[in-house]
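**Q** kindly return the folded structure for what I paste below:
(one chain, ligands or ions: 1)
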Amino acid sequence: MQLTISPENPIEWFALRANLAAIPLLHIQIMPVLAKAVLEAADNGVFEAAKNGPQTLDELVQVLNLNPKALGELMGLLTAMGYFNYKNNRFTLTRMARRFTLKDDPMSVYGMMIFNNRVVWHWMSHLGDYLKTGKGVQYHDTLSPEQWQYYQQGMIAASNIEAREFGLRAPVPRSVKSGKATQMLDIGGSHGQHSVVLCKKYSGLTSAILDLPQAIEQAAPLLAQQGMGDRVRHQSGNVLTDDLGESQFDFILMSSLAHHFSPEQNQTVASKVAKALRPGGVFIINEFIRPAIGAKPELIGSSTDLFYGLSSTAGNYSIDEISGWQQTAGLTSPKVINYRTVPGRAMVIARK
Ligand SMILES: C[S@@+](CC[C@H](N)C(=O)[O-])C[C@H]1O[C@@H](n2cnc3c(N)ncnc32)[C@H](O)[C@@H]1O
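**A** Next up, the predicted model:
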């Protein structure tokens with residue numbers, strides 16, 4: 001996906017064509033303000049305050065206890081960005097804002113906004129150091145319990161967008177469909193959304209979510225809300241150091257974890273997975289994909305690549321790299337399913 005600048009009149013069109021528009025000013029002055037405005041709006045309850053209908057600025061000021069001048073500026077920007085409509089002195093949430101910013105919508109990214117505002121935003125000032133040293137924040141080693149909570153809530157919000165499509169399109173072994181195969185392993189599965197959609201779809205399937213103890217402490221209440229009981233349960237551990245056993249699982253998923261690991265670590269995990277799968281079993285690596293060198297640059301794949309470098313010293317990988325780990329581990333029939341709902345993201349699938 002590309003974010004493009006689209007001219008609204010012939011003069012702007014001409015300025016762009018004639019290379020007179022200072023595009024870097026948009027990136028350095030406008031875009032950081034846009035991002036932070038949305039994050040602070042969510043964190044200060046601005047979207048929630050308009051949930052039940054149109055609000056005047058005065059009404060918002062009173063409910064939110066914010067400075068009238070500053071909130072007026074914020075509301076103007078949020079309106080320009082398409083989060084609110086303004087008519088008869090009142091602000092009304094747009095359809096887009098209602099779907100994605102309110103806490104209780106199933107597609108909401110609210111948790112991600114809080115994680116980004118309270119935790120991730122501070123990492124950005126580390127980018128210059130990262131460029132010099134190549135060493136990222138390594139946040140899995142440093143988060144406080146409160147930050148782990150924002151992280152897990154952020155992850156469930158991010159996965160809400162793709163979980164439905166994952167459930168519809170993830171290929172499982174025939175034995176799972178027929179109810180004969182029963183065991184799934186969800187590596188770094190956190191909140192368990194991916195396991196939950198599959199276990200709801202295939203009534204014979206149960207899933208173990210392998211994650212770090214600090215993550216499980218905060219993710220357990222999120223999983224409990226799904227009401228899956230023992231069919232989807234947490235298993236405390238570390239995939240880099242734990243043995244995954246032999247011929248135990250029919251289906252193994254690793255979603256959004258490969259980008260935190262080096263290629264060598266991913267190869268180690270793929271080899272453990274190959275051993276832990278039963279014959280005919282399926283291994284899916286679910287990831288944002290880095291466009292192959294020489295391919296058309298793509299904004300989501302490229303920006304998440306830099307972001308995962310900054311946050312975990314790793315990054316995105318190409319389809320070839322990911323399927324290479326699977327094949328080196330002895331798995332076959334690599335196949336790719338590109339998400340329709342999340343641009344730049346794919347399931348890379350292999351079988352034993
Ligand atoms: C970015 S989140 C992805 C969560 C979920 N799989 C998803 O797709 O939404 C990465 C998860 O991997 C876990 N994790 C990180 N390092 C791990 C390790 N060495 N072993 C197991 N889990 C790990 C984190 O605690 C976190 O819950």
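
**Q** in terms of helices and strands, where is the most centrally placed residue in the chain?
**A** Residue closest to the average C-alpha location in the chain (CA atoms, centre = their mean): residue 158, at 4.1 Å. Using DSSP states H and E, the element containing residue 158 is helix 145-169.

**Q** let me see the mean pLDDT of that helix.
**A** Mean per-residue pLDDT for helix 145-169: 94.

**Q** quick one: neighbours of residue 112, just the number.
**A** Neighbour count for residue 112, taken as other CB atoms under 10 Å: 24. C-beta: built from backbone N, CA, C; applies to glycine.

**Q** for it, give me the pLDDT.
**A** On pLDDT, residue 112 comes in at 97.

**Q** try residue 97
**A** For residue 97, pLDDT reads 98.

**Q** now do the SS call for it.
**A** helix (DSSP: H, G, I helix; E, B strand; the rest coil).

**Q** cool, residue 85 as well?
**A** Going by three-state DSSP: residue 85 is strand.

**Q** next, work out how far apart it and the ligand are.
**A** 32 Å (CB to the nearest ligand atom, to the nearest Å).

**Q** can you check residue 291 too?
**A** For residue 291, the distance to the ligand equals 21 Å [CB to the nearest ligand atom].

**Q** wait, isn't that residue in contact with residue 300?
**A** No: using CB atoms under 8 Å as the test, residue 291 is too far from residue 300 to be in contact (9.8 Å).

**Q** which is the next helix or strand following the helix holding residue 158?
**A** Beyond helix 145-169 in the direction of the C-terminus, DSSP H and E gives the next helix or strand as helix 174-177.

**Q** starting at the chain centroid, how far to that next one?
**A** Its chain's C-alpha centre and that of helix 174-177 lie 28 Å apart, by CA atoms, centre = their mean, to the nearest Å.

**Q** can you tell me how far residue 27 sits from residue 163?
**A** 32 Å (CB to CB, to the nearest Å).

**Q** and for residue 28?
**A** Applying CB to CB, the value for residue 28 to residue 163 is 35 Å.

**Q** neighbour count for the two, which is higher?
**A** Taking neighbours as other CB under 10 Å, residue 28 and residue 163 compare with residue 163 leading, 21 against 10.

**Q** please name the nearest non-neighbouring residue to the closest residue to the ligand within the chain.
**A** Residue of the chain nearest the ligand, by CB to the nearest ligand atom: residue 188 (2.7 Å). Leaving aside its chain neighbours, residue 188 sits nearest to residue 257 (3.5 Å; criterion: CB to CB, 6 or more residues apart in numbering).

**Q** quick check: that neighbour touching residue 194?
**A** No: Residue 257 lies out of contact with residue 194 (CB under 8 Å); the separation is 11.5 Å.

**Q** any low-confidence regions in the stretch 51-200 of the chain?
**A** By pLDDT under 70, the stretch 51-200 of the chain has no low-scoring segment.

**Q** would you map the helices across it?
**A** Along the stretch 51-200 of the chain, the segments classed as helices by DSSP state H, counting those that start in this stretch run 57-64, 68-80, 95-100, 110-115, 121-123, 127-133, 145-169, 174-177, 193-201.

**Q** break the chain down into its domains, please.
**A** Residue ranges for the domains of the chain, per automatic domain parsing: 10-100, 168-351.

**Q** can I get those in TSV with distance to residue 151?
**A** Converted to TSV, the domains of the chain look like this (distance: least, CB to CB, whole Å):
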stretch	distance to residue 151
domain 10-100	15
domain 168-351	7
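
**Q** most packed of these?
**A** Scoring those by mean neighbour count under mean count of other CB atoms under 10 Å gives domain 168-351 as the most buried, with a mean of 18.

**Q** dump the C-alpha coordinates for stretch 254-262 into PDB.
**A** This file holds the C-alpha atoms of stretch 254-262, laid out as PDB (Å, rounded to 0.1, in the frame of the first residue of the first chain):
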ATOM      1  CA  MET A 254       4.000 -18.300  14.700                       C
ATOM      2  CA  SER A 255       2.300 -14.900  14.200                       C
ATOM      3  CA  SER A 256       4.200 -11.600  14.400                       C
ATOM      4  CA  LEU A 257       7.200 -13.100  16.200                       C
ATOM      5  CA  ALA A 258       9.600 -13.800  13.400                       C
ATOM      6  CA  HIS A 259      10.200 -10.000  13.100                       C
ATOM      7  CA  HIS A 260      11.600 -10.000  16.600                       C
ATOM      8  CA  PHE A 261      14.200 -12.700  15.900                       C
ATOM      9  CA  SER A 262      17.400 -12.800  13.800                       C
END
